[in-house]
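Colleague: no sequence on hand, only this structure:
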């Protein structure tokens, strides 16, 4: 599944980009409009190349520390806030929101090791993902990973540009920290919810993070000390 350095979902986008500009380029060539054909061919190569770049899937080795909570997405930390998450965390939570630009790696990875205890996709709006209300009202998927000492709710949130978000998981599947769990297509937002009493946050808004590599929080000991 991951033998190539990009996600398998690239194929229709790669072929579509080539066809969008390649077919008119061929027609212009047949009509002896060589300059137009050259421009269209260049656009075909550039757009197809961008698709390979966007769907890239670089190998990563997570830190060997089970007490670290890792970023679930590449991008920039938008906010770190307190919230009450009623459905999955069932109480006070820390929410770490990561915004993905069109130039970030869009493969998502598991923040913690554990068992997938909930999966779902929820229809909704398409507000810009830098808006706080997008976390609650936008289309999103939910992934709940239940670890040994804590749990983590991951929301893959669709923005106005994003085509869709996907997860590559099954219910009750065991995952390792840093393992690939899904992908967000064409710019989105990922929210991570953690029980507030279980973690110390290690990042601040504006921090640049990489999925499966950057620690965003640390689990506290049962005594509440680091």
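Modeller: The structure has been received and is ready for your questions. Note that the coordinates shown come from a computational prediction; the quantities given were computed from them, not determined experimentally. Residues are numbered from 1 along each chain as shown.
Colleague: identify the residues contacting whatever helix or strand residue 42 lives in?
Modeller: Here residue 42 sits within helix 34-54, counting by DSSP states H and E. The contact list for helix 34-54, computed with CB atoms under 8 Å, 6 or more residues apart in numbering, reads 6, 10, 13-14, 17-18, 20-22, 24-26, 28-29, 102, 106, 186. In short, each C-beta sits where N, CA and C put it, glycine included.
Colleague: so which of those are in helices?
Modeller: 10, 13-14, 17-18, 20-22, 24-26, 28-29 (DSSP state H).
Colleague: can you flag the buried ones in the contacts of helix 34-54?
Modeller: When these are checked for burial by 16 or more other CB atoms under 10 Å, the buried set is 6, 10, 13, 14, 17, 18, 21, 22, 24, 25, 28, 106.
Colleague: need the contact list for the third one.
Modeller: If a contact means CB under 8 Å, 6+ apart, then residue 13 has 51, 54, 55 as its contacts.
Colleague: same check on the fifth one?
Modeller: Each residue near residue 17 by CB under 8 Å, 6+ apart is listed here: 44, 47, 48, 50, 51.
Colleague: which among these end up buried?
Modeller: 44, 47, 48, 51.
Colleague: of those, which is the nearest to residue 194?
Modeller: residue 51 (33.9 Å; CB to CB).
Colleague: separation between that closest one and residue 41?
Modeller: According to CB to CB, to the nearest Å, residue 51 and residue 41 sit 16 Å apart.
Colleague: please apply the same query to residue 121.
Modeller: Counting by CB to CB, the gap from residue 121 to residue 41 is 39 Å.
Colleague: tell me which helix or strand in the chain has the weakest average pLDDT.
Modeller: Ranked by mean pLDDT, DSSP states H and E, the weakest helix or strand in the chain is helix 134-137, scoring a mean of 72.
Colleague: next secondary structure after that one?
Modeller: strand 140-146.
Colleague: just checking, what packs against that next one?
Modeller: Strand 140-146 is packed against strand 114-122, strand 151-158, strand 165-167, strand 180-184, with contacts defined by 3 or more CB pairs under 8 Å, 6 or more residues apart in numbering; DSSP states H and E.
Colleague: how far away from the center of its chain is that strand?
Modeller: Distance of strand 140-146 from its chain centroid, counting by CA atoms, centre = their mean, to the nearest Å, is 12 Å.
Colleague: what residue spans form the domains of this protein?
Modeller: The chain breaks down by automatic domain parsing into domains covering 10-54, 68-219.
Colleague: let me have these in a markdown table, adding distance to residue 62 as columns.
Modeller: Putting those into a markdown table (distance: least, CB to CB, whole Å) gives the following:
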| stretch | distance to residue 62 |
| --- | --- |
| domain 10-54 | 23 |
| domain 68-219 | 3 |
